[in-house]
Structure formats: structure tokens, C-alpha cells
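**Student:** please find the sequence and the predicted model below.
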Amino acid sequence: MPSAWREGNQFTLLPEASRFLPAILDAVKAAQHYVLVELYLMESGKLADQVSDALIDTAQRGVPVYLLLDGYGSMGLGDDDRQRLRDGGVQLRFFNPIGFHSLALNLSRDHRKIVVIDGELAFTGGFGAVDEFLEAWYEIALRIDGPVVEEWEGLFRRLWNSRLTRAEKGDHGTGALPERRSPTTHADGAAGRAISARGYRYQAIRHSLHARVNNAQTRLWLCTPYFVPTFALRRRLVKAARRGVDVRLLLPGAKHDHPGVRYAGQRFYQAMLKAGVRIFEFQPTFIHAKFVLVDDWVSLGSCNFDHWNLHWNLEANQEAMDAHLAEDVRALFERNFAASEEVDAAVWAARPWGQRAREWVYGVLDGLVMRLK
């Protein structure tokens, strides 16, 4: 079951790496009791060095630091960098390292992004410790203060102690997590909840999104870097548009880290456009952010809202009912729409055969991959 809504939270939108990276690193450096970090992507480079420096400096001050990385997403983190973290006092574990077991188990990844400081403050979003986030990719994050931080910490603690999470040889730490601390409740705070998904077995994020789409009254704006939606979500988006809801999709343009995924998703454009859904393709860089605004409800976190993520991955989003946050997210959408090209329905209907062929080929490949068990 999804967690209950909690009152008394404060949410701060941190658009762009120039804002969220300093905020996260400064919070780590100011920690007094413990630091919990869970990431999918971490690869050797400038940003990984910055993150490692902050974690090691904090551990050297005597503050317990725990870093949980996905076994696949961290394959680009070199042995020297791993050893530097361990030597610096960071407790390091990996979720589900690639092994000679079932294909389905190897495909199950920890895609969540969680930073918890002293049990009082949390961050989430789509970020990772790879150099693309410094300049090449557009990403956002959310700072969370209040009772819902307990839920983010609980997600980390359960996975840290999971049978699929282990330390590498040479890590001599005990791995025992510190005693939990309670966050502050803000009298003027807003309602929120952390909502998670565990592959096809538990899809609270999907069910929550579907319910919000079904009940949307005025606007339904969704940003995702990998637009390969399930049939159920496509149907709901179309129905919402047909009943007069302002439905808009903010998607990557030609600057994409996986062009084949873009082509696979573009095969759904024509039906969406015909129903009145507006589609905007972001132009400046690859947009890696994942966030949704339905009326005044916001969902922001790691989930791409595509069927691959929902089928295989561990995901987690922050949901909020906060008028101030909703206004900030609305303004963020508007800025990004202005930096995008809107797809014209008539022009798209007349697209050349080469584009249609790419959509078909990658659509077939997408269908084959989703049949894997």
C-alpha cells in the first residue's frame, strides 16, 4: 500500500544543476549526525570527484556516511574511486551487481535518487553523479523538509539491509545504520508523501498517476525523458484531452542519450495530437527531468513514467499538494515550453517515410524487450 499523506512539510524546487548540486553538497558538508545517499548513476569524473570529496570530508569529521549505488549504474565508477571512498570512511554498498543469474534479476535496477541528512532534510529528483549533469543534461531536484523525510529514510534503510545489497571486498565497515532521528513538523507546511515502485509487483506510482489523470480538471502537464507510455496511460491522456483538460507533454528533442527510445515513443504522437494533446520537444539540451503537474498536485522524482521503468525498476517520487510548489512547477513548465518546439499535428501527419520506418523498427524492438521475463 502507498504511504499516508503527511502534513507539515516544506518543499523547495531546485531547477537546474547550478542550483541543486551546490544545495545537496552544502547539506552533506553541514551534516552533524548521518548522511544517507542512494543513486543509480555514478561514474568516475569531475562530478563524482566532487560528490566523493564531500562525502569523505564529512566522514572524516566523524559523521557516519552511507552510499548505496546500483550495481549496473555504477559500473563506470573506477576501482580507485571506490577504494578512495572506502579509505575515506564512507560505508559503500551496491544493489544487485550484474551476475550469472536470471536475465530478469539483472534487469531489475535501483533507479531511485535519495539523499537524507540527519533525518531532517531530504533531496530527490533525477540526478546522478555523472559529468553529463554538469552541462549536457537538463535536470531538476526537490528539497524536502518535514515529516515525509521519515519515509525517504525508511526507503533507504530497507534497501540498505536488503539481501540484494552487498558490500565489495575490502570494505571493513560494519554497515550498521545509526539510530533514526525525527524531522521537524512545520506549522504552515503542506501535505506530501513519498511514493515508491518495485517493478511489476508494486506500482503505486503508476496507480497514483492514473487516478490523478482520471480526475484532472484543468491541466495535466507531464515531463519525461523517455516517452514510451503504457497503453493504460495513453488512453487516460487521450480521454483527459477530449474532455477539455489542458494536456501537454514536455519531451526531449533531437538531443537524446537514447535516440531509439525517442523513435519508439514517437509512434504514439499522431493519436495523441489527434485527441488534442499538445507535445513540446525541448531544444537546448537533453531534458532528463521527470515531473508532473495535475491541477495543483505535483509528482517529482526518479520515475520516467515509461513502461520499462514501471516494469523493472525500483523508483520513488515525492508527491505534494502545495500551492506554492505547484506555482513554481507551473512556471518551470512555462519556461521549458518556451524553449521547445511544439509538434504541429498537420506537419506530423505528413512526416516522411524514413521517420515512420524508424518509429516502426524501434517500436518492434521495444515490444520484444518488454516480453522478457
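**Tutor:** Sure thing, it's come through.

**Student:** where does the stretch 1-150 of the chain have low pLDDT?
**Tutor:** Of all residues in the stretch 1-150 of the chain, those with pLDDT under 70 make up the ranges 1-2, 100-104.

**Student:** repeat for the stretch 201-350 of the chain
**Tutor:** Residues of the stretch 201-350 of the chain that meet the cut-off, pLDDT under 70, sit at 201-202, 307-311.

**Student:** which residues touch stretch 271-289?
**Tutor:** Contact with stretch 271-289 is made by 125-126, 132-133, 135-140, 223, 225, 234, 237-238, 241-242, 246-257, 269, 336-337, 339-343, 345, 348-349, as judged by C-beta atoms under 8 Å, 6 or more residues apart in numbering. No exception for glycine: its C-beta is placed from N, CA and C like everyone else's.

**Student:** what sits against the residue nearest the centre of the chain?
**Tutor:** The residue lying closest to the centre of the chain (C-alpha atoms, centre = their mean) is Ser302, at 1.3 Å. By C-beta under 8 Å, 6+ apart, the residues touching Ser302 are Tyr40, His111, Arg112, Lys113, Thr124, Gly125, Gly126, Lys290, Glu315, Ala316, Asn317.

**Student:** give me that answer again for 6 Å
**Tutor:** Applying C-beta atoms under 6 Å, 6 or more residues apart in numbering to Ser302 gives the contacts His111, Arg112, Lys113, Gly126, Glu315, Ala316.

**Student:** redo the residues you listed as JSON lines? Include secondary structure, neighbour count and distance to Gly73.
**Tutor:** JSON lines is the format used below for these (DSSP: H, G, I helix; E, B strand; the rest coil; neighbours: other C-beta atoms under 10 Å; distance: C-beta to C-beta, whole Å):
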{"residue": "His111", "secondary structure": "coil", "neighbour count": "24", "distance to Gly73": "8"}
{"residue": "Arg112", "secondary structure": "coil", "neighbour count": "26", "distance to Gly73": "11"}
{"residue": "Lys113", "secondary structure": "coil", "neighbour count": "22", "distance to Gly73": "11"}
{"residue": "Gly126", "secondary structure": "coil", "neighbour count": "27", "distance to Gly73": "12"}
{"residue": "Glu315", "secondary structure": "strand", "neighbour count": "28", "distance to Gly73": "13"}
{"residue": "Ala316", "secondary structure": "strand", "neighbour count": "27", "distance to Gly73": "15"}
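
**Student:** start and end of stretch 8-28, how far apart?
**Tutor:** Separation of the first and last residues of stretch 8-28 by C-alpha to C-alpha, to the nearest Å is 23 Å.

**Student:** what's in contact with it?
**Tutor:** Contact partners of stretch 8-28, identified using C-beta under 6 Å, 6+ apart, comprise 35, 54, 58, 115, 117, 121, 123, 133, 140-141, 143, 145-148, 185-186, 189-190, 192, 320, 322, 325, 328, 332.

**Student:** in it, what counts as buried?
**Tutor:** Using 16 or more other C-beta atoms under 10 Å as the test for burial, stretch 8-28 gives 8-15, 17, 20-21, 23-25, 27-28.

**Student:** so which of the contacts of stretch 271-289 are in strands?
**Tutor:** 125, 137-138, 140, 223, 246-252, 340-342 (DSSP state E).

**Student:** between the residues you listed, which is nearest Arg157?
**Tutor:** Nearest to Arg157 among the ones in strands among the contacts of stretch 271-289 is Gly125, at 20.1 Å by C-beta to C-beta.

**Student:** what is the neighbour count of the residue nearest to the closest one when sequence neighbours are not counted?
**Tutor:** In space, and not counting its chain neighbours, Gly125 is closest to Ala141: 3.4 Å by C-beta to C-beta, 6 or more residues apart in numbering. Residues near Ala141, counting by other C-beta atoms under 10 Å, number 26.

**Student:** what residues are up against Ala141?
**Tutor:** Contacts of Ala141 (C-beta under 6 Å, 6+ apart): Leu14, Phe20, Phe123, Gly125, Phe127.

**Student:** ok, Glu120 - how many residues close by?
**Tutor:** When neighbours are defined as other C-beta under 10 Å, Glu120 has 20 of them.

**Student:** hmm, it is touching Ser182, no?
**Tutor:** No. Between Glu120 and Ser182 there is no contact under C-beta atoms under 6 Å: 8.2 Å.

**Student:** one step back: narrow the contacts of stretch 271-289 to those that are buried.
**Tutor:** Listed as buried from those are 125-126, 132-133, 137-140, 223, 225, 237-238, 241, 247-253, 255-256, 269, 336-337, 340, 343, 345, 348; burial here means 16+ other C-beta under 10 Å.
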